[in-house]
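S.K.: sequence unknown, structure follows:
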Ligand code: ATP
């Protein structure tokens, strides 16, 4: 599972999802847009539009799935609930991974039921070249004894470990920068899939900062 606001989806998300799937030999990567992200402001476009852009961005990419389950629930989008729903579908033995970028990881101890995340899934942190910071103390405590160095260590258990991963194409692309560029009338070419760019521009999404 790779959750996010996807406001809008960009090549940093998509390339990370492809490389994550390869690096950990995952069957699928579910990209799950949040309806109401609990820890940040209201996204700029509607959930339905963010999901539609995500679907366009994924296109026919093997193994990537635009998963609407958080948009079909009421209330805040807690990742623990999303993982619980995936776990129910996949069964207790399946290897389940929650992936997130380093910026999101830094706040993990503030999430809803952080211990439960590790009961339900492995947590895999994707390095981002534009985000560097050391770990806050509550996060260090949450991670105690969970960290492993290699992806193989995730193979022997269905959940509970932490892996920090440097994927081959680390991209300094953020949705914040994409939105800033669109609002300023600047080019977003090669930051997003072409189909997503075409749709954003033709509908004037994010044009007014
Ligand atoms: P914003 O700039 O609005 O905060 P974002 O670009 O970080 O957005 P999100 O939708 O918040 O995008 O990200 C979803 C998940 O993908 C998060 O775990 C985030 O850390 C990760 N992510 C986003 N961009 C990248 C990137 N370029 N490389 C690796 N991971 C990324």
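M.R.: On my side now, so go ahead. Given the structure is predicted, the values throughout are model-derived calculations rather than measurements.

S.K.: which residues touch the top helix by length along the chain?
M.R.: Determined from DSSP state H, the single longest helix within the chain is helix 11-24. With CB atoms under 8 Å, 6 or more residues apart in numbering as the test, helix 11-24 has contacts from 2, 4, 6, 26, 28-29, 31, 57-58, 61, 63-64, 97, 99, 101, 124, 126, 128, 151, 154, 165, 167-169, 171-174, 190-193. Any C-beta I mention is one placed from the backbone N, CA and C, and that applies to glycine too.

S.K.: Would you mind listing where this structure has pLDDT under the threshold?
M.R.: 36-44, 209 (pLDDT under 70).

S.K.: What sits closest to residue 190 if chain neighbours are left out?
M.R.: Distance criterion CB to CB, 6 or more residues apart in numbering; nearest residue to residue 190, sequence neighbours excluded, is residue 11 at 7.4 Å.

S.K.: Counting neighbours, what do you get for that neighbour?
M.R.: 17 (other CB atoms under 10 Å).

S.K.: Enumerate every residue touching the residue lying farthest from the centre of the chain.
M.R.: In terms of distance from the mean C-alpha position of the chain, residue 185 ranks first, at 26.8 Å (CA atoms, centre = their mean). For residue 185, the contacting residues are residue 207, by CB under 8 Å, 6+ apart.

S.K.: On the three-state scheme, it is what?
M.R.: Secondary structure, DSSP: H, G, I helix; E, B strand; the rest coil: residue 185 is coil.

S.K.: What parts of the chain come near the ligand?
M.R.: Along the chain, the residues adjacent to the ligand under the rule CB under 6 Å from any ligand atom are 4-7, 12-13, 16, 100-101, 103-104, 126, 128, 171, 173-176.

S.K.: among the residues you listed, which ones are buried?
M.R.: 4-7, 12-13, 16, 100-101, 104, 126, 128, 171, 173-175 (16 or more other CB atoms under 10 Å).

S.K.: quick one: which of those sit in strands?
M.R.: Cross-referencing those against strands under DSSP state E gives 4, 100, 101, 126.

S.K.: thinking again about what came up before, tell me how far the longest helix of the chain lies from the chain's centre.
M.R.: 10 Å (CA atoms, centre = their mean, to the nearest Å).
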